[in-house]
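Undergrad: below are the sequence and a predicted model for it; my questions follow.
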Amino acid sequence: MKSADNLTQQEHEHGTVFAPKFGPDGLVSGVVLDSESGEVLVVAFMNADSIEATRKSGNVTFWSRSRQRLWMKGETSGNVLRVERILVDCDQDALVIYATPVGPTCHTGARSCFYRELDLDADDALALKPLDANSP
């Protein structure tokens, strides 16, 4: 994978070279959407190795900050996310991954990790409202 430091801003923002602009922690954001519905399934972080593993295997692989290791989504449950396509933002510091989920995405058993909505007007003690169709 080419280093973002070796490209001009023009090349980085408008060229064809994939050269992710990793943060100081060596990570970029990865937002996974259901390739069929467009629903947000999970947001996690990726480093160069997890991007390479994702491209090679066709299954979404992240960098687990808590475990400090590569983490293929669904590696223990079998509920992998099969990559359909990946979009790269203008700065190459975030990826949107369209994937087909094989089972629930969230460790809670929910289809998506985003199964609650924040009520903007509610007190924090009562601010999270379940999204009925997606609650675990």
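TA: Yes, it's here.
Undergrad: can you show me the strands along the chain?
TA: 28-34, 40-46, 61-64, 69-72, 81-88, 94-101, 116-118, 128-130 (DSSP state E).
Undergrad: low-confidence stretches in this structure?
TA: Along the chain, segments meeting pLDDT under 70 span 133-136.
Undergrad: specify the residue positioned farthest from the middle of it.
TA: The centre of the chain is farthest from one residue, Asp123, which by Cα atoms, centre = their mean lies 29.7 Å away.
Undergrad: could I get the strands of the chain as CSV with distance to His12 and mean neighbour count?
TA: (Each C-beta comes from the backbone N, C-alpha and C, glycine too.) Below are the strands of the chain laid out as CSV (distance: least, Cβ to Cβ, whole Å; neighbours: other Cβ atoms under 10 Å):
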stretch, distance to His12, mean neighbour count
strand 28-34, 13, 20
strand 40-46, 18, 19
strand 61-64, 22, 22
strand 69-72, 26, 16
strand 81-88, 10, 16
strand 94-101, 14, 19
strand 116-118, 34, 12
strand 128-130, 39, 12
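Undergrad: quick one: which of the ones you listed is nearest Phe18?
TA: Of all the strands of the chain, it is strand 81-88 that lies closest to Phe18, at 6.8 Å by Cβ to Cβ.
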